[in-house]
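Participant: The amino acid sequence is not available; the structure is as follows:
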């Protein structure tokens, strides 16, 4: 009961923060902190051990779904946990830098029902101003995570509760950037394509205006229409996550079908997943489920709970929660870990044998070089052979004259067109000064 009362007192300032984010002074700071507190209890209730406000029953006691985040890992242990906590903390600070935009749908409302159900009260979040007309085909957005102008468009999609297929185009990426150049004539982002109306545009302000005129009430919210102030606050998010979601490091294969990511723009753990998807240039369908979204219940019905991020990969059939686990899965499946190392070309050159070693010569019938041709290095010596046994040098041959006689014998045998005889031989060194030809090498 005390927890329900506390939540009921905290909902009003959170709603005020969503509807009037630009208040000045202490009221603004209090509303922002209240928004952060409510947001923390909503985006990952299992991780924090707190109740969720997203349509779940508000219950006292421990969390209903214990998280495996802190137990996940392959033995990395403390270092991995520290890294995950650092990423989550910096992403949370980035959310505070921007504030409520990207967390609530347009016309967000919340209420606590008066019905008592097993010592709990049900929280209902909804919107009465979202239009019933939805795009029949998902929009296509070409962008990259660190771009502040792209963030403005993603916030607009979140407010309007519109899904879009996102094609990441980080710097040095070569998977979708050429397509933008082909369609629009330049590589500038964001670039939106609406297959329902054949609309295509680059400029973020033009895109936002189009979205609210086509799928909203025609009025662009104040937090998206403040010009440089909006751009600066969106840029502050990227400043708190330096280098993340900016540069391509795609090394693995591209998926045949876009993945499906459930979340919303300002949720800190969802941002971590989007950064990984962007850097790996993995396309995905962004299913927006901000606070008040009509699709929140669909996820709860599908998986038994509401928690974001939630990833579904139609290429492998994998579905999972938890940002750390999702990022690890993406790295293993579509990152450098999935790229099979190219084997170096095999060399056909045989290193020379060490002095005093015996080597068995093996010749193939299709070899271009005649193994019986004495002009082909290295020379061979036939053990215990005589002139009639086949070509070769006698073990006791010395000097250049003996070598010359051996050559003449070989030529005579070739003229007689006798079939070659495959023999076991040892490679010997060819002394330049007419030294001992029988010295084994």
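Facilitator: Yep, it's here. The structure presented is a predicted model; accordingly, all values stated were derived computationally and were not measured. Numbering: from 1, shown residues only.
Participant: could you point out where the stretch 1-150 of the chain is predicted with low confidence?
Facilitator: Where the stretch 1-150 of the chain drops to pLDDT under 70, the residues are 1-77, 113-121.
Participant: Thought residue 280 was touching residue 334, still the case?
Facilitator: Yes: at 5.0 Å, residue 334 and residue 280 qualify as touching, with contact defined as Cβ atoms under 8 Å. C-beta here means a position set from N, CA and C on the backbone, and glycine is covered the same way.
Participant: Overlap in contacts, these two.
Facilitator: Shared contacts of residue 334 and residue 280, defined by Cβ atoms under 8 Å, 6 or more residues apart in numbering, are found at 250, 252.
Participant: which residues of this protein fall in helices?
Facilitator: Chain-ordered helices for the chain, with DSSP state H as the definition, fall at 2-19, 25-43, 45-48, 78-98, 148-159, 177-184, 204-215, 228-239, 268-279, 296-303, 323-334, 399-415.
Participant: Show residues contacting the fifth one.
Facilitator: Helix 148-159 has contacts (Cβ under 8 Å, 6+ apart) with 98, 101-106, 139, 141, 143-144, 163-164, 189-190, 192, 204-205, 207-208, 211-212, 216, 221, 223-224, 230-232, 234-235, 237-238, 264-266, 286, 288, 290.
Participant: and the gap between residue 103 and residue 286?
Facilitator: Using Cβ to Cβ, to the nearest Å, one obtains 15 Å as the distance from residue 103 to residue 286.
Participant: Equivalent analysis for residue 237, please.
Facilitator: Shown here: residue 237 relative to residue 286, a distance of 17 Å by Cβ to Cβ.
Participant: can you point me to the longest strand in the chain?
Facilitator: Longest strand of the chain, by residue count under DSSP state E: strand 121-127.
Participant: Could you check how many residues crowd around the nearest residue to residue 313 once chain neighbours are set aside?
Facilitator: Residue nearest to residue 313 in three dimensions, not counting chain neighbours: residue 259, with 5.1 Å by Cβ to Cβ, 6 or more residues apart in numbering. The local packing count at residue 259 equals 24, with neighbours defined by other Cβ atoms under 10 Å.
Participant: repeat for residue 305
Facilitator: 17.
Participant: any idea of the pLDDT on it?
Facilitator: Per-residue confidence for residue 305 comes out at a pLDDT of 91.
Participant: Check the one 4 residues further on too.
Facilitator: At residue 309, the pLDDT value in this model is 96.
Participant: residues touching residue 235, list them.
Facilitator: For residue 235, the residues meeting the contact criterion (Cβ under 8 Å, 6+ apart) are residue 148.
Participant: Likewise for residue 104?
Facilitator: Here residue 104 is in contact with 18, 159, 290-292 (criterion: Cβ under 8 Å, 6+ apart).
Participant: In CSV, list those along with neighbour count and distance to residue 176.
Facilitator: Converted to CSV, the contacts of residue 104 look like this (neighbours: other Cβ atoms under 10 Å; distance: Cβ to Cβ, whole Å):
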residue, neighbour count, distance to residue 176
18, 25, 33
159, 31, 25
290, 27, 26
291, 28, 30
292, 25, 31
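Participant: between these, which is closest to residue 326?
Facilitator: When the contacts of residue 104 are compared for distance to residue 326 (Cβ to Cβ), residue 290 wins out at 19.0 Å.
Participant: Excluding chain neighbours, what is closest to the closest one?
Facilitator: Here the residue nearest residue 290, using Cβ to Cβ, 6+ apart, is residue 264, at 3.9 Å.
Participant: State the distance from the one you found to residue 274.
Facilitator: In terms of Cβ to Cβ, residue 264 sits 11 Å off from residue 274.
Participant: And the two? Which one has more around it.
Facilitator: A side-by-side neighbour count of residue 264 and residue 274, using other Cβ under 10 Å, places residue 264 first with 29 against 25.
Participant: how much space is there between that one and residue 332?
Facilitator: In this view, residue 264 and residue 332 are 26 Å apart by Cβ to Cβ.
Participant: what helices or strands is the longest strand of the chain leaning on?
Facilitator: Packed against strand 121-127, as judged by 3 or more Cβ pairs under 8 Å, 6 or more residues apart in numbering; DSSP states H and E, are the following elements: strand 57-58, strand 108-112.
Participant: Next, the angle from the longest one to strand 121-127.
Facilitator: Here strand 108-112 runs at an angle of 160 degrees relative to strand 121-127 (axes from the mean of the first three to the mean of the last three Cα atoms, to 10 degrees).
Participant: if we can go back for a sec, and the contacts of helix 148-159, which of them are buried?
Facilitator: Buried positions within those, assessed by neighbour count (16 or more other Cβ atoms under 10 Å), are 98, 101-106, 139, 141, 143-144, 163-164, 189-190, 192, 204-205, 207-208, 211-212, 216, 221, 223-224, 230-231, 234-235, 237-238, 264-266, 286, 288, 290.
Participant: right, and residue 285 touches residue 262 too?
Facilitator: No: contact criterion Cβ under 8 Å: residue 285 and residue 262 do not qualify, at 9.4 Å.
Participant: what about those two, which has more around it?
Facilitator: The neighbour comparison of residue 285 against residue 262 (other Cβ under 10 Å) goes to residue 262, with 26 against 17.
Participant: Give me the nearest residue to residue 266, chain neighbours excluded.
Facilitator: residue 102 (3.8 Å).
Participant: Isn't the one you found up against residue 268?
Facilitator: No: using Cβ under 8 Å, residue 102 makes no contact with residue 268, being 11.3 Å away.
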